[in-house]
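Asker: Okay, predicted coordinates and the sequence, questions at the end:
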Amino acid sequence: MSASSKYGRVFDGSSFEDVTHPIASNNEGGAYAPIPPTNNNNRYRYNNKLLFDETTQIFVSIPHFRDGKRCAQTVRRLFDMAAHPDRVVVGLVEQTDSTSTDDDPTCLMEYCALMGHQIKQHEPGIIHLAERQADYDAVLQSCPRASTQIRSLRFHHFGSKGPVYARSFTRKLLGNEEFCMEIDASMDFVHNWDVAAIEQWKSTNNEYALLSNVPLSVKDKGVASSIAVEVPRQCDIKIGSEGVPLFETHADGKTIGITLPLLSRTYSPSFVFSKCHYQTNVPQDPFAVQLLNTEQFPHFARLWTRGYDVYTPTFNLVYKDNSDLHPLHHTAGHGEKGEKKWPRNDNERRDAHVRMKVMLNIHHGITNSEISSMTAGGSGGGGGRMITARANLGIYGLGRRRTLDQLLQFASIALPDSEFRGQYGNEGKGCANLNWVPYDKSISPRANLFDGTGKADDLELEPEFPLRTLPDAGDYLFPMGGGSDVTWKDQAAVNQRGIPQTEAAVSSNVPYSFVFLLWVLGLYVWYASFVNIGPNDRRGSSRTGRRVLSKNPVRKKAPLSERALKNI
């Protein structure tokens with residue numbers, strides 16, 4: 001390394017560049033001052049230093065599509081390689097063929113088999129259902145960590161709609177854990193990965209930091225560089241044929257010997273480590289179906305405009321394990337390597353593409369009718385409908401802490417205009433010394449771009465996290481920075497920018513007896529209205545008995561809805 005590269009170097013795919021400072025600062029003269037790290041209840045402080053111990057829980061989400069065997073190996077490694085495995089909680093989103101448990105086992109049952117607790121073979125048919133269930137329950141009770149540290153959600157693979165759709169079900173499994181990690185189904189880990197990841201996160205000095213990079217192949221695990229530690233890093237951002245920016249699927253660059261996590265303009269869903277409020281403030285979009293790479297930059301835009309920042313860690317925390325191929329690689333399908341993928345639906349995929357473009361205000365390739373399908377009826381010309389459609393995205397749209405123009409400048413790219421002119425990617429340049437972009441810390445990360453404008457006419461429902469009883473993210477009781485003791489909750493009372501509670505948060509303080517009483521009363525009204533009705537009362541019942549489902553107009557075209565997702 002050169003004499004000036006004491007903080008490390010970055011290779012952007014074509015050339016090397018020295019890192020000029022350990023953590024990027026703003027060129028305008030402002031200090032690097034994101035909100036400093038804290039925890040859910042501001043605990044674990046000693047001499048004003050943030051501390052975490054072996055009880056600090058980490059939630060690890062692992063979605064998989066018919067990949068139970070490799071997933072089981074990953075879960076076993078996850079516990080084996082942790083310094084404190086008792087604090088690790090796993091959330092499995094399993095998409096399998098329930099009629100073929102031998103060829104397509106669940107990750108949970110395959111993990112138990114690896115641990116020496118094999119479920120017995122049973123005769124098919126409903127008559128043996130009870131004994132199969134009893135055997136299943138017995139295996140879960142005897143299998144190490146299965147009943148206490150592994151949560152599993154499973155649905156048939158015919159209902160799969162892509163990786164983003166699968167990750168969106170993490171909300172059903174996330175509890176009150178402090179840290180969250182997203183990984184793929186076939187991964188390996190560095191020794192004591194849990195301690196290392198928390199220390200790397202703390203060293204960013206940023207409560208809203210995400211550690212993320214394309215994982216290195218497991219075949220390179222333990223291979224020491226003759227110069228310094230090398231970590232894969234994405235640098236190049238291209239503009240796709242649809243006009244949406246795309247990250248490289250592989251790491252086109254790398255960091256070499258960096259001394260602290262380095263600010264990045266890309267992220268990889270194959271590995272993300274962060275505070276769990278990232279999951280609730282920037283939830284995975286269940287409507288981004290049938291997409292692979294197209295959704296990644298829009299998701300990065302969502303997290304970045306809500307005040308989150310991505311960093312490349314100083315060393316490799318996780319590794320991609322492709323030593324065993326996906327069990328379905330031999331089956332013809334629409335995967336690049338012939339693996340069988342989720343059921344394809346081109347209409348849903350087109351709707352998801354339109355959704356990503358609307359979020360980024362890209363007019364190219366979108367018809368007025370497609371924009372109108374995201375509104376309750378449209379308003380004004382094409383521009384008015386676009387604004388309404390963007391406002392309707394709500395929590396699945398952009399935030400208010402940073403702007404889209406700031407993001408484009410940060411990423412050194414330009415989006416296409418309506419005539420598809422003036423667009424360009426960054427060709428990987430400027431990947432080493434990015435400047436942290438400050439924001440108004442009094443603005444909540446949950447604040448949506450169009451909140452308070454009255455532009456939305458059919459606002460998306462916010463997702464619910466039934467197992468998470470902490471105050472909804474963004475309402476934490478810690479200072480906003482700058483030495484002030486004012487919190488977001490205090491600020492909300494002043495500027496009326498409070499954080500909307502979800503239905504679960506509102507109802508959590510209602511006594512169960514009162515809820516039961518309302519249920520009985522509702523049952524009585526339903527019976528009196530629809531069941532105990534005479535022949536002479538049936539005239540006009542279709543009009544008087546009509547149910548009002550929502551105060552908002554019904555969306556014209558909604559292939560998926562949060563209401564439907566709640567029932568899965």
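Answerer: Cool, the structure landed.
Asker: Report the spatially closest residue to Ile362, excluding sequence-adjacent ones.
Answerer: Gly243 (4.9 Å; C-beta to C-beta, 6 or more residues apart in numbering). Where C-beta positions appear, they are placed from N, C-alpha and C, glycine not excepted.
Asker: Three-state assignment for Pro471, please.
Answerer: At Pro471 the chain is in coil, as set by DSSP: H, G, I helix; E, B strand; the rest coil.
Asker: Neighbours of it, how many?
Answerer: A count of nearby residues for Pro471, using other C-beta atoms under 10 Å, gives 16.
Asker: Roughly how far does it sit from Ser212?
Answerer: 26 Å (C-beta to C-beta, to the nearest Å).
Asker: what ranges do the helices span in the stretch 401-550 of the chain?
Answerer: All helices of the stretch 401-550 of the chain, identified by DSSP state H, counting those that start in this stretch, fall at 404-411, 488-495, 503-507, 512-526, 541-544.
Asker: Ok, the stretch 251-400 of the chain next?
Answerer: With DSSP H, counting those that start in this stretch as the criterion, the stretch 251-400 of the chain has helices spanning 277-281, 296-305, 346-359, 368-372, 382-392.
Asker: Redo these as TSV? Include mean neighbour count and distance to Ser264.
Answerer: As requested, those are arranged in TSV below (neighbours: other C-beta atoms under 10 Å; distance: least, C-beta to C-beta, whole Å):
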stretch	mean neighbour count	distance to Ser264
helix 277-281	24	15
helix 296-305	23	10
helix 346-359	20	21
helix 368-372	17	32
helix 382-392	21	26
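Asker: Now render the ones you listed as JSON lines, adding distance to Ala113 and mean pLDDT.
Answerer: Below are the helices of the stretch 251-400 of the chain laid out as JSON lines (distance: least, C-beta to C-beta, whole Å; pLDDT from 0 to 100):
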{"stretch": "helix 277-281", "distance to Ala113": "30", "mean pLDDT": "95"}
{"stretch": "helix 296-305", "distance to Ala113": "34", "mean pLDDT": "98"}
{"stretch": "helix 346-359", "distance to Ala113": "35", "mean pLDDT": "93"}
{"stretch": "helix 368-372", "distance to Ala113": "48", "mean pLDDT": "87"}
{"stretch": "helix 382-392", "distance to Ala113": "46", "mean pLDDT": "86"}
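Asker: can you redo those as JSON lines with distance to Leu263?
Answerer: Putting those into JSON lines (distance: least, C-beta to C-beta, whole Å) gives the following:
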{"stretch": "helix 277-281", "distance to Leu263": "16"}
{"stretch": "helix 296-305", "distance to Leu263": "11"}
{"stretch": "helix 346-359", "distance to Leu263": "23"}
{"stretch": "helix 368-372", "distance to Leu263": "35"}
{"stretch": "helix 382-392", "distance to Leu263": "27"}
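Asker: out of these, nearest to Asp220?
Answerer: In terms of C-beta to C-beta, the element of the helices of the stretch 251-400 of the chain nearest to Asp220 is helix 296-305, at 23.4 Å.
Asker: Spit out the contact partners of the closest residue to Lys429 other than its chain neighbours.
Answerer: Closest residue in space to Lys429, ignoring its immediate chain neighbours: Asp12 at 6.4 Å, by C-beta to C-beta, 6+ apart. Residues in contact with Asp12 (C-beta atoms under 8 Å, 6 or more residues apart in numbering) are 235-236, 252-253, 428-432.
Asker: Dump the residues you listed to TSV, plus neighbour count.
Answerer: Supplementary listing: these in TSV, determined by neighbours: other C-beta atoms under 10 Å:
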residue	neighbour count
Cys235	25
Asp236	20
Asp252	20
Gly253	25
Gly428	22
Lys429	15
Gly430	16
Cys431	29
Ala432	26
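Asker: least confident pick among those residues?
Answerer: Comparing pLDDT over the contacts of Asp12, the lowest score belongs to Gly428 (82).
Asker: distance of it from Gly253?
Answerer: On the measure of C-beta to C-beta, Gly428 and Gly253 end up 6 Å apart.
Asker: Common neighbours of these two, please.
Answerer: 12-13, 235-236.
Asker: In those residues, find the pair that's most separated.
Answerer: Maximum pairwise distance among those (C-beta to C-beta): 7.7 Å, between Asp12 and Asp236.
Asker: Pull up the overlap in contacts between those two.
Answerer: Common contacts of Asp12 and Asp236 (C-beta under 8 Å, 6+ apart): 252-253, 428.
Asker: Let me have the residues you listed in TSV, extended by distance to Pro343.
Answerer: As requested, these are exported to TSV (distance: C-beta to C-beta, whole Å):
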residue	distance to Pro343
Asp252	32
Gly253	35
Gly428	36
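Asker: quick check, nearest of these to His363?
Answerer: Gly428 (27.4 Å).
Asker: Would you point out the helix or strand in this structure whose mean pLDDT is lowest?
Answerer: helix 503-507 (a mean of 34; mean pLDDT, DSSP states H and E).
Asker: Any idea which of the helices of the stretch 251-400 of the chain gets closest to Leu114?
Answerer: Comparing the helices of the stretch 251-400 of the chain by C-beta to C-beta, helix 277-281 comes nearest, at 27.9 Å.
Asker: distance between that closest one and the chain's centre?
Answerer: For helix 277-281, the separation from the chain centroid amounts to 8 Å (computed by C-alpha atoms, centre = their mean, to the nearest Å).
Asker: quick one on the thing from earlier: I'd like the distance between the residue nearest to Ile362 and Arg87.
Answerer: Plainly put, Gly243 is 44 Å away from Arg87 if you go by C-beta to C-beta.
Asker: and what of Gln133?
Answerer: 30 Å.
Asker: Which residue of the two possesses the greater neighbour count?
Answerer: Neighbour totals were compared for Gln133 and Arg87, and Arg87 leads with 20 against 11 (other C-beta under 10 Å).
Asker: Not counting its neighbours along the chain, what's nearest Gly175?
Answerer: Going by C-beta to C-beta, 6+ apart, Gly175 has Leu467 as its nearest residue, at 4.3 Å.
Asker: Tell me the backbone dihedrals of that neighbour, please.
Answerer: The phi and psi values for Leu467, taken as degrees, to the nearest 10, are phi -90, psi -10.
Asker: Would you single out the least confident of the helices of the stretch 401-550 of the chain?
Answerer: helix 503-507 (a mean of 34).
Asker: residue boundaries of the helices in the stretch 1-150 of the chain?
Answerer: Applying DSSP H, counting those that start in this stretch to the stretch 1-150 of the chain gives helices spanning 68-80, 107-114, 129-142, 146-149.
Asker: can you tell which of the ones you listed is closest to Asp405?
Answerer: Asp405 sits nearest to helix 68-80 of all the helices of the stretch 1-150 of the chain, at 40.1 Å, using C-beta to C-beta.
Asker: by contact count, what packs against that closest one?
Answerer: strand 58-65, strand 88-96, helix 107-114, strand 187-189 (3 or more C-beta pairs under 8 Å, 6 or more residues apart in numbering; DSSP states H and E).
Asker: try 10 Å
Answerer: On a contact count with 3 or more C-beta pairs under 10 Å, 6 or more residues apart in numbering; DSSP states H and E, helix 68-80 meets strand 58-65, strand 88-96, helix 107-114, helix 146-149, strand 179-183, strand 187-189, helix 193-203, strand 318-320.
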